[in-house]
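Chemist: My questions concern the predicted model and sequence given below.
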Amino acid sequence: MPDTSLPDGVKIGEPVRLCVEADLLPDGTFGAQWLVVTPSRVLVVSQQDGQAGVRLELPLSAVAEPKAHTFVGGGALEVSHDGTLVELVRYTASRAPRFATAAKLMESWLKGEEAEPPEEEGRLCPRCGLPLEKGTQVCAFCTPKRRALMRLLRYLLPYWPRAVLLALMTIVGTGLGLLLPYLQKPTLDYVLVPSGPFLSLPERYRLLVIIVLAGLSAEVIRNVLAVAQTWLSSYVGNHITHDIRCQLYRHLQLLSLRFYDKRELGTVISRVNQDTGSLQTFLVWASQDLVRQLLLLVGISVVVFTMNWRLALFLLVPAPLVTVASRLFWRRIRYQFHRMFHRWGLLNSVLSETLNGLRVVKVFAQEDREIGRFNYRSDNLKATGISVERTAAVFFSGVHLFISFGVLLVWYLGARRVLAEVMTVGDLMVFIAYARMFYDPMRWMSRLLSFCSRSLTAAERVFEVLDSPPEVAKAADAVPMPAIEGRVEFQRVTFGYDPHRPVLKQVDFAVEPGEMIGLVGHSGAGKTTTMNLLCRFYEVDEGEILIDGVPIRRIRLEDLRSQLGVVPQDTFLFGGSIAENIAYAKPGATREEIIRAAKAGNAHDFILRKPDGYETILGEKGGGLSAGERQRLAIARAVLHNPRILILDEATSQLDVETEKQIQEAIERLVEGRTTFAVAHRLATLRNADRLVVLKNGEIVEQGTHDELMKAEGEFHRLVKTYQEISSVRAVER
């Protein structure tokens with residue numbers, strides 16, 4: 001959350017600890033205001049009609065209880081001043097997270113605690129101001145590429161002998177490519193139009209054969225080297241890409257869930273697919289072409305300046321024009337390509353959204369509307385494609401004109417030197433051949449550099465993920481716990497997915513080994529979050545979770561999770577057979593163990609009714625199975641896992657009565673002898689719990705048995721009554 005600059009002309013007179021810009025005025029209209037906190041004061045700076053000034057000023061010591069209130073479409077930050085509520089600033093919903101953080105910071109400072117504003121993930125590059133891709137801080141336009149290149153070279157170290165051999169083959173191949181044009185000189189000067197020592201006709205025939213054989217040998221060797229280069233570069237490039245891709249995927253597996261909470265899944269997948277694919281193209285083809293073009297440019301320059309440096313200077317006349325035109329073209333075409341790819345994405349988004357929601361489109365007869373949306377996006381893409389092709393046509397025609405001008409200039413001046421008998425015909429033809437070759441590297445160099453730059457940007461994005469530390473990491477002093485008894489304690493646990501918005505507040509309770517605890521509360525009360533912390537998917541912000549008296553941070557992750565079992569509300573099944581899905585937590589399980597677990601989960605009977613029984617292949621996410629069948633497979637998987645601590649997260653929601661009965665029977669067998677946490681909206685499923693913990697707005701409001709809480713007529717009693725009323729309405733509707 002970086003400080004926002006104040007408008008010109010506003011003087012505070014002391015250091016600013018916090019400055020956050022609001023976008024609403026006190027009357028609710030749009031306008032700029034700034035909340036400013038200094039070591040001794042709280043100020044509100046307002047700007048209207050181009051004039052800025054301090055609208056409100058309060059001593060920091062006289063304010064208390066800063067609160068960020070959320071309304072529909074916006075919010076307001078209030079403080080208590082001498083017992084009276086004072087509204088400091090108003091803001092729209094887009095600014096709400098900033099002011100929630102500001103309120104928390106002010107509360108910490110009022111308590112005398114040290115706290116620093118967190119860094120906010122920005123959308124614009126601080127250096128060039130261009131938009132950043134979502135989920136990354138790497139700018140494609142101004143990020144230094146040298147660091148990424150040097151880091152890539154480290155991956156080359158295991159393959160350095162092949163890399164050295166590849167470099168040598170590139171140098172030799174480029175040199176041989178320069179030989180064939182040079183053979184025109186002896187062909188013309190000594191065979192066709194003799195201008196040197198007189199040779200008899202048989203000698204000229206023999207020389208012609210030698211020249212042709214030399215050229216043929218050079219071309220054979222050069223093409224053999226080209227094939228060998230392709231094989232070798234493909235080997236090195238694909239191996240390096242494989243190493244990076246596997247390292248990236250391994251790191252993604254180790255990253256905490258908070259990393260994925262802040263990013264779209266598609267963005268993360270693009271790191272593994274598109275960015276590593278760009279790296280592969282760069283390592284296999286682009287880098288090799290870039291080196292070859294550089295060597296070709298240097299080699300031709302050396303040859304032509306050695307042959308005739310005066311004529312070579314005229315060869316350079318169009319070079320600046322070709323270079324500048326290439327740079328301008330690729331700079332312009334790059335933005336057009338970005339626009340085209342963006343519009344491709346919008347078109348694909350409309351296509352995917354419409355096809356996935358085709359049933360809704362047809363229900364509401366909106367086919368014409370969706371056809372219009374698609375046509376509009378396609379029309380935009382068409383316009384961009386035409387612009388790209390037209391720009392490319394103008395560029396290539398212009399560059400060809402510049403090159404032709406340079407070649408004709410050399411031709412004219414060289415011919416004059418031949419007529420003056422200062423230069424031979426062979427020298428002129430060789431020079432013209434090299435002149436045509438000279439401009440090709442210049443024409444493509446800018447494009448190759450641009451492509452390499454984009455590839456190195458992709459490398460930076462990959463390295464950005466690799467450099468992201470796992471929030472949940474193994475402690476250096478981790479305690480091995482191969483056998484957990486199952487005592488769980490939450491000690492004043494506070495946690496929020498966003499630090500300024502706690503979901504759990506001072507949660508404090510204990511569970512004995514073998515005890516079944518039911519977590520009850522309205523949606524969003526924090527039930528699933530409590531279980532996420534027990535699984536250590538996230539680290540608590542405050543407080544501690546203990547298992548068998550050991551802080552969960554100090555338990556080895558593999559020991560903790562190998563003795564935790566979860567039956568989720570939405571069961572995820574992998575592509576493969578039913579047997580493989582049941583045995584996912586225990587890959588070496590025997591068929592007898594799998595069948596025994598399926599029977600315990602009441603899944604054996606329906607599995608046998610499938611065409612191939614336990615070898616039935618499931619579709620994506622368990623396609624072909626009902627919700628109840630997927631749930632029973634999840635229970636069978638948990639039975640086979642044999643955990644000491646079991647978590648049932650809405651395990652019987654959205655099921656019919658008969659299916660729920662079968663699952664309840666399976667759960668009763670599963671919970672025996674285990675510490676169990678059951679989260680459920682259907683309160684009847686918690687009757688067998690030893691104790692219920694009732695959550696409301698992230699806080700524990702009640703604890704006790706089902707009967708005790710019903711007699712207390714508190715929050716649990718209200719939830720039960722509400723559930724019964726809804727059930728009665730549903731029964732009447734049926």
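Modeler: Structure received.
Chemist: what bits of the stretch 351-500 of the chain have low per-residue confidence?
Modeler: Applying pLDDT under 70 to the stretch 351-500 of the chain flags the ranges 352, 442-454, 471-473, 475, 499-500.
Chemist: Show me where it has its strands.
Modeler: 488-495 (DSSP state E, counting those that start in this stretch).
Chemist: what are the ranges of the helices in it?
Modeler: Residue ranges of the helices in the stretch 351-500 of the chain, as given by DSSP state H, counting those that start in this stretch, are 358-363, 367-419, 425-466.
Chemist: Return the distance of the first one from the chain's centre.
Modeler: Right, helix 358-363. Chain-centre distance of helix 358-363: 32 Å, with C-alpha atoms, centre = their mean, to the nearest Å.
Chemist: same thing with the longest one?
Modeler: Its chain's C-alpha centre and that of helix 367-419 lie 34 Å apart, by C-alpha atoms, centre = their mean.
Chemist: Name the residues of stretch 354-368 that come out as buried.
Modeler: 354, 361 (16 or more other C-beta atoms under 10 Å). Heads up, the C-betas are built off the backbone N, CA and C, glycines and all.
Chemist: so how far is the first residue of it from its last?
Modeler: This stretch, stretch 354-368, spans 12 Å end to end (C-alpha to C-alpha, to the nearest Å).
Chemist: Please report the distance of the residue positioned nearest the centre of the chain from residue 512.
Modeler: Most central in the chain under C-alpha atoms, centre = their mean is residue 268, positioned 2.9 Å from the mean C-alpha point. As judged by C-beta to C-beta, to the nearest Å, residue 268 and residue 512 stand 40 Å apart.
Chemist: and the nearest residue in space to residue 479 that is not next to it in sequence, how many neighbours?
Modeler: Spatial nearest neighbour of residue 479, chain neighbours left out: residue 554 (5.2 Å); criterion: C-beta to C-beta, 6 or more residues apart in numbering. Per other C-beta atoms under 10 Å, the neighbour tally for residue 554 reads 15.
Chemist: Just say helix, strand or coil for residue 12.
Modeler: Three-state assignment for residue 12 (DSSP: H, G, I helix; E, B strand; the rest coil): coil.
Chemist: I'd say it and residue 43 touch.
Modeler: Yes: at 7.1 Å, residue 12 and residue 43 qualify as touching, with contact defined as C-beta atoms under 8 Å.
Chemist: Mind listing the shared neighbours of these two?
Modeler: residue 36 (C-beta atoms under 8 Å, 6 or more residues apart in numbering).
Chemist: With neighbour numbers in mind, choose between those two.
Modeler: Set residue 12 next to residue 43 and count neighbours by other C-beta under 10 Å: residue 43 wins out with 21 against 14.
Chemist: Next up, phi/psi of that one, please.
Modeler: With angles defined as degrees, to the nearest 10, residue 43 shows backbone torsions of phi -130, psi 150.
Chemist: That one: what's it in contact with?
Modeler: Residue 43 makes contact with 12, 35, 36, 37, 54, 56, 57, 58, according to C-beta under 8 Å, 6+ apart.
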